[in-house]
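*Asks:* the following comprises the amino acid sequence and a computationally predicted model.
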Amino acid sequence: MWKTTISGLLANKLRFALTGIAILLGVAFMAGTLILTATVKASFDSLFTDVNKGTDAVVRTKGAIDSSFGGSERGRVPAAVLDSVQSAPGVAHAEGFVQGFAQLVDKKGKAMGNPDQGAPTLGLSWPETPALNAFHLVAGRAPTAPDDVVIDNASAKKAHFRVGDRIKILTQGPTSDFNVVGIVRFGAADSPLGASIASFDSATAQRLFGAQGSFDTILTVADKGVSQTELAAAIRRAVPGDTEVLTGAAYTKENQDDIANGLGFFNAFLLTFAMVALFVGSFIIYNTFGIVVAQRTRELALLRALGATRRQVLRSVLAEAAAVGLLASAAGLAAGVGVAAGLKALLQVLGFDIPANGIVVHTSTVVTSLLTGTVVTLVAAVMPARRAGRVAPIAALRDVAVEPTGRPTRRAIAGVVVLALGALALLGGLFGKGDNAVPMVGLGAAIMFVGVAILAPVLARPVARVLGWPSARFRGIAGVLARQNALRNPKRTSATAAALMVGVGLVGFITIFAASAKLSINDTIDRALRADLVLQGSFNGGVSPDLARDVRNLAGVDAASGMRIGSMEVEGATKQVTAFEPAAIGGLFDIGVTSGSVDGLDQGIAVYDKAAESHHWKLGDTLHVRFAASGPRDLPLVALYGRKDVAGSYVISTGTYDANFTDHLDFAVYVKAAAGADTAAVRANVQGLVDTQYPNVKVQDRTEFKKAQAKQVTTLLNLIYALLLLAVLIAVIGIANTLALSIHERTRELGLLRAVGMTRSQLRSTVRWESVIIALFGTVLGLVVGTFFGWSMVKALSEEGFSRFAIPVGSLATVVVLAALAGVLAAVFPARRSAKLDVLRAITHT
Amino acid sequence: MTSLTDAGAGSHTSVVAARTVSAVKVYGSGDTAVRALDDVTVEFERARFTAIMGPSGSGKSTLMHCLAGLDTLTSGQVFIGDTELNGLDDKRLTLLRRDRVGFVFQAYNLVPTLSALENIVLPAALAGRKSDQAWVDTVIDTVRLRDRLTHRPSELSGGQQQRVAVARALASKPEIIFADEPTGNLDSRSGSEILDFMRNAVDQLGQTIVMVTHDPLAAAYADRVVFLADGRIVDEVADPTAERVLDRMKQLGG
């Protein structure tokens, strides 16, 4: 039996090469993702190892709050603690550090770097202790005076800064100029993984980052012969109870774990698309093996007649699948190294700067890739293999290969049941309160796709008849034959179309979702934003609160407020909180206050009415919250409001924020012009202020703000399109594969057509249109499923600001046209092969 | 219409539908070369029913394939009417087959996805022409297929399928019809029915038919029988009967 397996593989090299590609591409993407993530992680790991090389123990405050955006917020240690640490036994050196946001401005007045889309712009206090300093001065000296700064060599090179130059630096304080007194490298690199560095003497850093009399961390070096654990224990006995002490090793581990955590999201995001690709690939494996088994019915029956058992036949097919799966996965793994490089380049083009040096391939990557690819292939081949096992010996005597269609009623019922189960899981994930919402939604979507694939053969004839109408009507007999060929084997057409359905379904979903998002954003801006100008800073960086104050003082400005977002703990759970200037809120936004008033917000808190309801809070109640920097606080509930799309669920005043957070950065400033003021003149004034003092800010009017918001959606949309392209590509290969197999099977028929006068170009046209009909069938199925996904997603997020559901007809029509073109593309190779048929040999083909 | 090559034999066109001049067909090369046709010169007159006979491997199918533009000669010439086939590219050969030649094969004559009627008018459909409805009706009635027109080939008996094939060959009013063992897969009753239709097509419709067969009974329907052996024309019989054909066959060792 093994001999027949091997000879079966060898006899159909091309067929299996095409099938293998479907798996190869998915595995390559998966391996590429794993390799890229491992490589990036390795870069960060070595970075943190280097940074913390000399650190034996770390002292900081307890009670960090994990931010909803990753990372955590933590308070500062009073400077006096440094004295206690220094007096602890075993401490050779101890030094306090502060860090914060500091963005360099180049000589043309433009802010350097974009912390939202790349490496951070870091401001640090200069390490005086050599053992704690990972930087090497390549020019100049350490900062000592209040206007001294040391910058990284990469920034210096990029903007041509040299020792002795003046440089403007943006911080949460007033924008100021500094003297470049030194330029540093980080180990062998010009900057630590692309981050820009501005390092000040300790007192200056404390002033700039609002940390007078305190430190973010105190780092210590142990005496010779004192272990990190001993040191940490000794310090712990010397410091107050609200501080925690970690060994240097634990601190490094924590840094590395934070990055691993962040990369985990990134990894999961990309792996999702790899899974989609493999899912699509499994349809193609299923279909190819199904066709091959049908075409080999006589051969299999002969084997059975000669005494092969059912099990042996089944096993020989599965062995073929295993061989194809393993070979394709191995090739995919090799290709994954290239994919890792490609993904990195793609993300860089799209504006995400990823640091990575070299390539890291873990054993786990190898095992996961090979195993996943092989298992997916095997699972997809199980049904065809079972069908092969059921081939009766008598079939050896029958003439034609028939693929049983099964009973349509049973199939329809099965399809609807599976579809309903999928929809249930999907909707349960979206609307339920469960913890595993994301996997539930993903699983539900996959099951729904399978359900539609089961139903598809029932739908194939009527739907393809309609879709093929233009071809039959306008392409003459070639078009008629194309439609008939697409209809003649509904199961095959369906399985082929189903592979494309998955890709198109997700494209349709994300297109609808993005269109709804844009419409909802516009809606929110129209209805809830009263501001005339939005001064956009950056989310991960920020802009000095001085900007809001300066704008407020400009002529023609009625109200201006910065917007900040931070985290706090409410009844044990981390919540996002937004801060505004209470006096300005009413002029700038309509948050739909339902009771109370935001005028009293200075000392209190405003809560989204549905959130208050679920916590049973009433106006006038006192909320017990906890901030990372300041600890527990009681805030009176002064207002309830009905819209959360602008401000989220909790709003406090800027003053409350200042008192309870370490950073004081706004991420945007909203401006309302005074009634009767010339808005153009106001804008010009604001622009002038921004140009000279706050070059990291973009001034936008309402229209520009809408456009910028839409552009963010578009950027993400394009990234997802690019990632889904792979799934579509695999489906196109699947169509080509099916056509090639069908053409092989129809050799005699094609020979006859050629004999009685069908030209090569007519034959190519027939193949092309069959391909287009299959592609359109898959597209229609996909768009129906995608529309459902989009609709349920938008409904599920209606609380989060998705107020509108939009079906972008133009974009979806483009998808249909592109799918038809993909059909044409898929047909190129099979059409050429069919046209090359030798007529005489074809009509005498057996 | 394909370009007409002046064969320098204008007198032939009136009476000769197809002919070969010193036709040679060699398969393979070197020691393994096989001369399937060895200097064959033969003419097929218009409005006549000619049978080509010979033992297996005699070259009769090769001769028909070359005459019909399905295969090309190694040397020599082949003409349909005045058109020399040598040197025509695939496209011109295809159009020639479509517009000027009809085919009836032994089996797999029909496109399974098309109805009987669609199969009958297939050559016209391929040409993008409307077929001559009156003529098509005549043909359909001649082969008695009126009540089977919407059926798919899989819903027809073997004899009905061959009748559809004959109807297709006749429907496009070709200059010549080539039939390759058209009754080879049929029982004798269906077979003689097909042969009757072909005979009628020649007598009443003025068709020209060239049929390859190894069945003396089938050959007896023809006006003339050409005998091939080892790639050469070895004999011919006019107005054959089954007995005379059988005699010749025995002499040829077929």
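*Replies:* Yep, it's here.
*Asks:* find the helix or strand that the nearest residue to A:N685 once chain neighbours are set aside is a member of.
*Replies:* On the basis of Cβ to Cβ, 6 or more residues apart in numbering or on different chains, the spatially nearest residue to A:N685 that is not a chain neighbour turns out to be A:L554, at 4.8 Å. To be clear about C-beta, it is placed using only N, CA and C from the backbone, and glycine gets the same treatment. Under the criterion of DSSP states H and E, A:L554 resides outside all helices and strands.
*Asks:* neighbours of A:L554, just the number please.
*Replies:* The burial metric for A:L554, expressed as a neighbour count using other Cβ atoms under 10 Å in any protein chain shown, is 17.
*Asks:* which phi and psi values does it adopt?
*Replies:* Main-chain dihedrals, A:L554, degrees, to the nearest 10: phi -70, psi 150.
*Asks:* residue numbers of chain A in contact with chain B?
*Replies:* Proximity of chain A to chain B (Cβ under 8 Å from any Cβ of the partner chain) is limited to residues A:476-477, A:480-481, A:484-485, A:487-488, A:748-749, A:752-760, A:762, A:839-840, A:843.
*Asks:* in strands only, show me the residues you listed.
*Replies:* The subset of those located in strands under the criterion DSSP state E is empty.
*Asks:* just the buried subset of the residues you listed, please.
*Replies:* For these, a burial check counting by 16 or more other Cβ atoms under 10 Å in any protein chain shown picks out A:476-477, A:480-481, A:484-485, A:487, A:748-749, A:752-760, A:762, A:839-840, A:843.
*Asks:* so of those residues, which ones are in helices?
*Replies:* Under the assignment DSSP state H, these contribute A:476-477, A:480-481, A:484-485, A:487, A:748-749, A:752-755, A:760, A:762, A:839-840, A:843 to helices.
*Asks:* list the contacts of A:T272.
*Replies:* The neighbourhood of A:T272, defined by Cβ atoms under 8 Å, 6 or more residues apart in numbering or on different chains, consists of A:G442.
*Asks:* dump the residue contacts of B:H151.
*Replies:* With Cβ under 8 Å, 6+ apart as the criterion, the residues that contact B:H151 are B:S115, B:A116.
*Asks:* how close does it sit to chain A?
*Replies:* Here the criterion is Cβ to the nearest Cβ, to the nearest Å. By it, B:H151 lies 15 Å from chain A.
*Asks:* tell me which helix or strand the spatially closest residue to B:I80 that is not a sequence neighbour sits in.
*Replies:* Nearest in space to B:I80, with sequence neighbours left out and distances taken as Cβ to Cβ, 6+ apart, is B:A18 at 5.2 Å. In the assignment (DSSP H and E), B:A18 maps to strand B:16-27.
*Asks:* who does that strand pair up with?
*Replies:* The pairing partners recorded for strand B:16-27 under DSSP bridges are strand B:34-45 (antiparallel), strand B:75-80 (antiparallel).
*Asks:* what strand or helix carries the residue of chain B found nearest chain A?
*Replies:* In chain B, the residue that lies nearest chain A is B:R98 (2.2 Å; Cβ to the nearest Cβ). Using DSSP H and E, B:R98 sits in helix B:90-100.
*Asks:* next helix or strand past that helix?
*Replies:* Scanning forward in sequence from helix B:90-100, with DSSP H and E defining helices and strands, the next element found is strand B:101-104.
*Asks:* show me what the next helix-or-strand element following that next one is packed against.
*Replies:* The element immediately downstream of strand B:101-104 (helix or strand, assigned by DSSP H and E) is helix B:116-120. In terms of contacts (3 or more Cβ pairs under 8 Å, 6 or more residues apart in numbering or on different chains; DSSP states H and E), helix B:116-120 is packed against helix B:133-142, helix B:158-171.
*Asks:* try it again with 7 Å
*Replies:* If contacts are counted by 3 or more Cβ pairs under 7 Å, 6 or more residues apart in numbering or on different chains; DSSP states H and E, helix B:116-120 sits against helix B:158-171.
*Asks:* tell me the strands beside the following helix or strand past the helix it packs on, with direction?
*Replies:* Following helix B:158-171 in sequence order, the next helix or strand is strand B:176-180 (DSSP H and E). With DSSP bridges as the test, strand B:176-180 is paired with strand B:101-104 (parallel), strand B:209-212 (parallel).
*Asks:* any weak-confidence spans in chain B?
*Replies:* B:1-14, B:253-254 (pLDDT under 70).
*Asks:* quick check: which element contains A:L371?
*Replies:* helix A:363-389.
*Asks:* do the same with A:E569
*Replies:* The secondary structure element spanning A:E569 is strand A:557-570 (assigned by DSSP H and E).
*Asks:* over to A:K157?
*Replies:* helix A:153-159.
*Asks:* buried sites along that helix?
*Replies:* A:N153, A:A154, A:S155, A:A156, A:K158, A:A159.
*Asks:* contacts only, for the closest residue to chain B within the stretch 701-846 of chain A.
*Replies:* With Cβ to the nearest Cβ, the shortest gap between the stretch 701-846 of chain A and chain B falls at A:G757, namely 2.2 Å. For A:G757, the contact set (Cβ atoms under 7 Å, 6 or more residues apart in numbering or on different chains) comprises B:T94, B:L95, B:R97, B:R98, B:P123, B:L126.
*Asks:* top of those residues by number of neighbours, please.
*Replies:* Per-residue neighbour counts (other Cβ under 10 Å) across the contacts of A:G757 peak at B:P123, which has 27 neighbours.
*Asks:* was I right about that one contacting B:R98?
*Replies:* Yes: counting by Cβ atoms under 7 Å, a contact exists between B:P123 and B:R98, whose distance comes to 5.2 Å.
*Asks:* intersection of neighbour lists for those two?
*Replies:* Each of A:V756, A:G757 lies in contact with both B:P123 and B:R98 under the rule Cβ under 7 Å, 6+ apart.
*Asks:* and stretch A:662-677, C-alpha only, in CSV?
*Replies:* Listed next in CSV are the C-alpha coordinates belonging to stretch A:662-677 (Å, rounded to 0.1, in the frame of the first residue of the first chain):
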residue,chain,number,x,y,z
THR,A,662,2.7,62.1,37.8
ASP,A,663,2.5,63.3,34.2
HIS,A,664,0.5,66.4,33.3
LEU,A,665,0.5,66.1,29.5
ASP,A,666,-2.5,66.8,27.4
PHE,A,667,-2.9,64.7,24.3
ALA,A,668,-5.1,67.3,22.5
VAL,A,669,-6.4,70.8,23.2
TYR,A,670,-10.0,71.8,22.1
VAL,A,671,-10.7,75.4,21.2
LYS,A,672,-13.9,77.3,20.8
ALA,A,673,-13.8,80.7,19.1
ALA,A,674,-15.7,83.5,20.8
ALA,A,675,-19.1,84.4,19.3
GLY,A,676,-18.6,86.8,16.4
ALA,A,677,-14.8,86.3,16.4
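*Asks:* now that stretch: mean pLDDT?
*Replies:* Within the predicted structure, the mean pLDDT of stretch A:662-677 is 92.
*Asks:* list the buried ones in that stretch?
*Replies:* Going by neighbour count (16+ other Cβ under 10 Å), the buried part of stretch A:662-677 is A:662-673, A:677.
*Asks:* tell me where the stretch 151-254 of chain B has strands.
*Replies:* Remark: strands of the stretch 151-254 of chain B, listed N- to C-terminal, are B:176-180, B:209-212, B:224-229, B:232-238; assignment by DSSP state E, counting those that start in this stretch.
*Asks:* nearest to A:A330, of those?
*Replies:* Evaluated with Cβ to Cβ, the strands of the stretch 151-254 of chain B place strand B:176-180 nearest to A:A330, the distance being 49.9 Å.
*Asks:* contacts for the closest one, please.
*Replies:* B:17-18, B:44, B:61, B:64, B:67-68, B:80, B:101-106, B:169, B:198, B:207-212.
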